[in-house]
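Engineer: Quick check, what structure comes out for this input:
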Amino acid sequence: MFSLKRLLIERPVSGITSSIKSIIQIRTATKRVSGSKTSNKDSAGRRLGPKVHEGHPVKPGQIIMRQRGTKIHPGENVRIGVDHTIYAVEPGFVRFYFDPFHPLRKYVGVALKKDIKLPKEHFAPRLRRFGYVPIEDPVAAKNEELQRSRKEILILPQLQKAQNKQYSLRKRRINENKAKLAETQSLELTEQETEKAAERLFKVSQFVDLGKDLSQAQLQVTYDELYNIRLQYRRGELNDGEFDSAKAKYLEVAKKVDGLAVAQ
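Structural biologist: Model prediction:
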């Protein structure tokens, strides 16, 4: 008789051999050993959060908030970057606040003055920086001029040349208008009225060159001049009597010269 072992060695049978091999298995450890780490790499923190707190002053471009997502929304005088970083665009003071129209959102903005609170009333006018305070100290003024960019410094001579050319053209045309008005004896204008009339004719001609009708140009120049007189009155440079007199005089001069066909 042949044993099963001898039979398999001398004449292996594929079906029986594979079935026996499948019975013999090796068991490996499947439980992770405590303390093992899948990755030894660890990146640095992103330093998220507010960089400037409530009431602190900021400069244009200064970062106020770093975040992932819009946990804090941008308010007045700030902008938000592609990575949701909020930064100031105007100098002022930081204000964190809630908008009554969006009660679930928290905003951050920049108030232009320290005593201003955000948000303002719904129909309140927006505060802006329209002008600059003149620098009286010559050293400080020189330092301010040196802060210009290279592009501004290079283009400054061209701007000055264009400004001088425009000023000389204005002066020449006003003088020509004065000479033509002096030849017209029927107007009977004083020296001050002649100056205003010549300047009015020059401004009207500028609007006409831009494509406006003569009547529209005259109305625009009248409105601008009356508005300047009103500003002088608001600044306290004119009292009530001088204000009314200045308006009446200019309207009288405008009525006299508007009917003339003065070649520009």
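
Engineer: okay, which residue is most central for this structure?
Structural biologist: residue 89 (6.8 Å; Cα atoms, centre = their mean).

Engineer: In contact with it, which residues?
Structural biologist: Contact analysis of residue 89 by Cβ atoms under 8 Å, 6 or more residues apart in numbering lists 60-61, 77-79, 110. For the C-beta atoms, the positions are set from N, CA and C on the backbone; glycine is no exception.

Engineer: if we go to 6 Å?
Structural biologist: For residue 89, the contacting residues are 60, 77, 79, by Cβ atoms under 6 Å, 6 or more residues apart in numbering.

Engineer: mind checking the backbone torsions on residue 161?
Structural biologist: Here is the backbone geometry of residue 161 (degrees, to the nearest 10): phi -70, psi -40.

Engineer: ok, so what distance separates it from residue 168?
Structural biologist: 11 Å (Cβ to Cβ, to the nearest Å).

Engineer: what does residue 70 give?
Structural biologist: Residue 70 is 55 Å from residue 168, by Cβ to Cβ.

Engineer: more neighbours, those two?
Structural biologist: residue 70 (13 against 10; other Cβ atoms under 10 Å).

Engineer: which residues touch the more buried one?
Structural biologist: Here residue 70 is in contact with residue 84 (criterion: Cβ under 6 Å, 6+ apart).

Engineer: Where does it fall, secondary structure wise?
Structural biologist: Using DSSP states H and E, residue 70 sits within no helix or strand.

Engineer: Could you do residue 64 as well?
Structural biologist: Going by DSSP H and E, residue 64 is part of strand 63-66.

Engineer: quick one, phi/psi of the closest residue to residue 65 other than its chain neighbours?
Structural biologist: Spatial nearest neighbour of residue 65, excluding adjacent residues (Cβ to Cβ, 6 or more residues apart in numbering): residue 86 at 4.2 Å. Main-chain torsions, residue 86, degrees, to the nearest 10: phi -100, psi 130.

Engineer: So residue 86 sits against residue 80, correct?
Structural biologist: Yes - when contacts are counted by Cβ atoms under 6 Å, residue 86 is listed as touching residue 80 (5.3 Å).

Engineer: got any residues that touch both of these two?
Structural biologist: With Cβ under 6 Å, 6+ apart as the test, residue 86 and residue 80 both reach residue 74.
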